[in-house]
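K.L.:
Give the three-dimensional model of this entry:
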Amino acid sequence: LDVDDCLFRDNAGASEGGAIYIAERAKMDVKDSIFGGNSALGDGGAVRSLGDADFADCTFSGNIAADNGGAVEAYRNTNNPETRIILRLNFEHCDFTGNRASAGFNGWGGAVHFQDFVAKFTDCSFIGNTAKNGGAMLLSGGEVTINGGFIDRNRAVGGSGISAVSTSIISLFLPIETDL
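P.N.:
I've put the predicted structure just below:
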């Protein structure tokens, strides 16, 4: 499914994925879209993904998950620890601002929570997101590459910027601010 130049604003009431729910085996490409003020009663304030997804030039602002992934939650639970399904996620030039995952039992990943994944972030910013753990992101059981962008003023009890558990950070390149 392709989504291009859309506005998803103030959608609420879904148990998962306030604006979009990506089902198992589905593939989604989202470009030039805005996700603002969406909320979910469980995971994924804006997007809940059980399939692969690509996002380019998107804004995620003010989304709220009652549990995990204030803006985006990506994890496909097989209910069998011997079987993992690896989700592939790509984000280019995306902004995550003021998202929250803090009301639920876990409250993981103010902007994103990924488990069992391979993800790449290129020139993305994570500013002012809030969670109990992983203010910007909580990543578990996967591989992440982060090239460029900003991770700034995120808040959490554990890991205000990035909280990584059993996760390989393949590459982390963030510009250093010199005008402090």
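
K.L.:
Tell me where this structure is predicted with low confidence.
P.N.:
Scanning the chain for pLDDT under 70 picks out 103-105, 169-180.

K.L.:
contacting residues for the residue nearest the centre of it?
P.N.:
To find the centre residue of the chain, average its C-alpha atoms and take the closest one (CA atoms, centre = their mean): that gives residue 112, at 2.3 Å. Each residue near residue 112 by CB atoms under 8 Å, 6 or more residues apart in numbering is listed here: 69-74, 96, 136-139. C-betas here are computed from N, CA, C, even on glycine.

K.L.:
quick one: which of those residues sit in helices?
P.N.:
Among those, DSSP state H puts none in helices.

K.L.:
so which of those comes closest to residue 123?
P.N.:
residue 96 (12.4 Å; CB to CB).

K.L.:
Any figure for the gap between residue 106 and residue 63?
P.N.:
Per CB to CB, to the nearest Å, residue 106 is found 17 Å from residue 63.

K.L.:
And these two? Which one has more around it.
P.N.:
The neighbour count for residue 106 versus residue 63, taken as other CB atoms under 10 Å, is higher for residue 63 (32 against 16).

K.L.:
With adjacent residues omitted, what lies nearest to that one?
P.N.:
Counting by CB to CB, 6 or more residues apart in numbering, residue 63 lies nearest to residue 45, which is 3.5 Å off, once chain neighbours are set aside.

K.L.:
Test my guess that that neighbour contacts residue 68.
P.N.:
No: the criterion here is CB atoms under 8 Å, and residue 45 misses it with residue 68 at 9.4 Å.

K.L.:
Need the residues touching each of these two.
P.N.:
Jointly contacting residue 45 and residue 68 under the rule CB under 8 Å, 6+ apart are residue 101.

K.L.:
These two: which is more packed in?
P.N.:
More neighbours surround residue 45 than the other of residue 45 and residue 68, with 36 against 33 (other CB under 10 Å).

K.L.:
Now do residue 23: how many residues are near it, please.
P.N.:
Using other CB under 10 Å, residue 23 is surrounded by 13 other residues.

K.L.:
if I pick residue 68, what's in contact with it?
P.N.:
Neighbouring residues of residue 68 by CB under 8 Å, 6+ apart: 42-44, 101, 104, 106-109, 113, 138.

K.L.:
Would you check how far apart it and residue 5 are?
P.N.:
Going from residue 68 to residue 5 by CB to CB gives 28 Å.

K.L.:
again, but for residue 129
P.N.:
24 Å.

K.L.:
And for residue 59?
P.N.:
Going from residue 59 to residue 5 by CB to CB gives 12 Å.

K.L.:
list the residues that contact both of these two?
P.N.:
Contacts common to residue 59 and residue 5, judged by CB under 8 Å, 6+ apart, are residue 33.

K.L.:
quick one: which of these two has more around it?
P.N.:
More crowded of residue 59 and residue 5, by other CB under 10 Å: residue 59, with 17 against 10.
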